[in-house]
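*Asks:* Quick one, what's the 3D model for this:
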Amino acid sequence: MPVPSDLKPWLMAAVVVDAPAALAQSHFPAMVSSMLVVRLAGQVECRGAPVPPAAWMSACTTATVYTHSGPVQAVGLVLQPEAAAALFASARGQVNTLRPLAELVGPEWAEVEHAVRAAPRDGARLRVLCDFIRQWVAPPSSCEARRLQALALLQAASDGTTEDGQRMGLGQRQFERRFVAHWGMAPKQFQVIARLNSTLGSALAAPGGPVVDLAVDQGYYDQSHMARDVRRLAGEPLQALVQGSRSPVSAHWPLQVGAQAQPVQPAERAASMRKR
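*Replies:* The predicted structure is shown next:
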């Protein structure tokens with residue numbers, strides 16, 4: 001579902017999950033974005049551990065499988081990559097992580113979660129979550145300053161080094177350490193995963209298009225280079241992912257969400273996704 005225009009710097013999409021019992025898993029590719037999710041029904045596990053009913057799911061550097069028990073209903077927000085650490089200081093530098101939202105937000109979260117669960121419809125539940133983000137980032141919050149700092153790191157990583165080999169006035173190793181401290185991954189790894197996310201979104205938006213053209217458009221050396229990245233970071237070949245996502249009940253439904261959210265991404269992030 002689309003997000004309010006004033007929250008587009010923070011959110012990529014609002015999502016409603018209504019998974020039948022027959023859908024035993026959800027398959028997520030590696031991704032640079034993260035999610036806030038409130039589960040209303042069902043049980044979900046990841047790597048053998050239960051997922052908290054209200055959780056922040058961080059960016060991931062590998063494909064991730066979530067296992068369902070019974071019908072699963074949830075609402076959530078997909079955050080822009082730079083939003084997580086800007087919203088929650090303790091999320092800085094964390095990847096491949098699940099954390100209870102109460103732990104990230106603090107005592108204020110209890111009231112928000114109660115309002116989400118008490119809302120009569122999914123649209124109303126998502127409005128509660130959007131209002132929470134809106135109030136959380138409102139001045140005098142320092143969230144916007146942290147978001148701009150994160151974007152500055154991304155831009156510096158995309159621009160390359162100056163003549164003296166520096167970025168943001170830092171040597172290469174110092175810059176990479178600062179980037180990893182904020183993003184939880186090195187600049188190159190971020191760019192590779194961001195490019196994968198862009199590739200998957202483009203492949204689903206235009207299924208059946210020439211694969212070689214897709215590889216060129218996304219900045220890969222060639223088709224085999226793209227195929228290796230997709231299999232390594234998404235867990236399956238590109239064609240299998242595209243075909244699997246076409247079913248109305250598919251473990252690859254996160255790819256459908258990503259494809260729908262992709263057009264709202266800022267130009268500066270699209271450029272960084274295509275960097276080799």
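
*Asks:* what's the distance between the residue most central in space within the chain and V216?
*Replies:* Nearest residue to the geometric centre of the chain (Cα atoms, centre = their mean): S33, 2.0 Å. S33 sits 25 Å away from V216, going by Cβ to Cβ, to the nearest Å. The way it works is simple: take the backbone N, C-alpha and C, and place the C-beta from them, glycine included.

*Asks:* And for A145?
*Replies:* 38 Å.

*Asks:* quick one: which of these two has more around it?
*Replies:* A count of neighbours by other Cβ atoms under 10 Å puts V216 above the other of A145 and V216, at 14 against 9.

*Asks:* Now the element after the host helix or strand of that one, going C-ward?
*Replies:* Applying DSSP states H and E as the criterion places V216 in helix 211-217. As assigned by DSSP H and E, the chain's next helix or strand after helix 211-217 is helix 223-234.

*Asks:* which other residues reach that next one?
*Replies:* Helix 223-234 is contacted from outside by 29-30, 62-63, 192-193, 195-196, 199-200, 211-212, 214-215, 218, 220, 236-238, 241, using Cβ atoms under 8 Å, 6 or more residues apart in numbering.

*Asks:* Filter the residues you listed down to the ones in helices?
*Replies:* V192, I193, R195, L196, T199, L200, V211, V212, L214, A215, L238, L241 (DSSP state H).

*Asks:* Which single one of the residues you listed is nearest to Q135?
*Replies:* Proximity of these to Q135 (Cβ to Cβ) peaks at I193, which lies at 30.7 Å.

*Asks:* for the nearest residue to the closest one once chain neighbours are set aside, what are its contacts?
*Replies:* Nearest residue to I193, sequence neighbours excluded (Cβ to Cβ, 6 or more residues apart in numbering): A30, at 4.8 Å. By Cβ under 8 Å, 6+ apart, A30 lies in contact with C60, T61, T62, A63, T64, I193, L196, L233, A234.

*Asks:* Farthest-apart pair in those residues, please.
*Replies:* Within those, T64 and L196 form the most distant pair, 13.4 Å apart (Cβ to Cβ).

*Asks:* More neighbours: these two, which one.
*Replies:* For T64 versus L196, neighbours defined as other Cβ under 10 Å are more numerous around L196 (22 against 19).

*Asks:* give me every residue that touches the more buried one.
*Replies:* P29, A30, D229, V230, L233, A234.

*Asks:* Just put those residues in CSV and tack on distance to L154.
*Replies:* Shown next, in CSV, are the contacts of L196 (distance: Cβ to Cβ, whole Å):
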residue, distance to L154
P29, 20
A30, 17
D229, 19
V230, 22
L233, 19
A234, 22
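
*Asks:* Show me which of these is closest to L11.
*Replies:* P29 (19.4 Å).

*Asks:* what residues does stretch 167-187 touch?
*Replies:* By Cβ under 8 Å, 6+ apart, stretch 167-187 touches 58-59, 61, 85, 92-95, 149-150, 152-153, 156-157, 159-161, 165-166, 190, 193.

*Asks:* Looking at it now, give me its mean pLDDT.
*Replies:* Stretch 167-187 shows a mean pLDDT of 91.

*Asks:* C-alpha coordinates for it, CSV please?
*Replies:* The C-alpha atoms that make up stretch 167-187 are tabulated as CSV, following Å, rounded to 0.1, in the frame of the first residue of the first chain:
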residue,chain,number,x,y,z
ARG,A,167,36.0,10.6,1.2
MET,A,168,34.4,13.1,3.6
GLY,A,169,37.9,14.1,4.6
LEU,A,170,38.7,10.5,5.7
GLY,A,171,41.1,8.0,4.3
GLN,A,172,39.7,4.9,2.7
ARG,A,173,39.9,2.6,5.8
GLN,A,174,38.6,5.3,8.1
PHE,A,175,35.7,6.0,5.8
GLU,A,176,34.9,2.3,5.5
ARG,A,177,35.0,1.9,9.3
ARG,A,178,32.6,4.8,9.7
PHE,A,179,30.3,3.3,7.0
VAL,A,180,30.3,-0.1,8.6
ALA,A,181,29.6,1.4,12.1
HIS,A,182,26.5,3.1,10.7
TRP,A,183,25.2,0.5,8.1
GLY,A,184,26.5,-2.8,9.5
MET,A,185,28.1,-3.6,6.2
ALA,A,186,30.9,-2.3,4.0
PRO,A,187,30.1,0.2,1.2
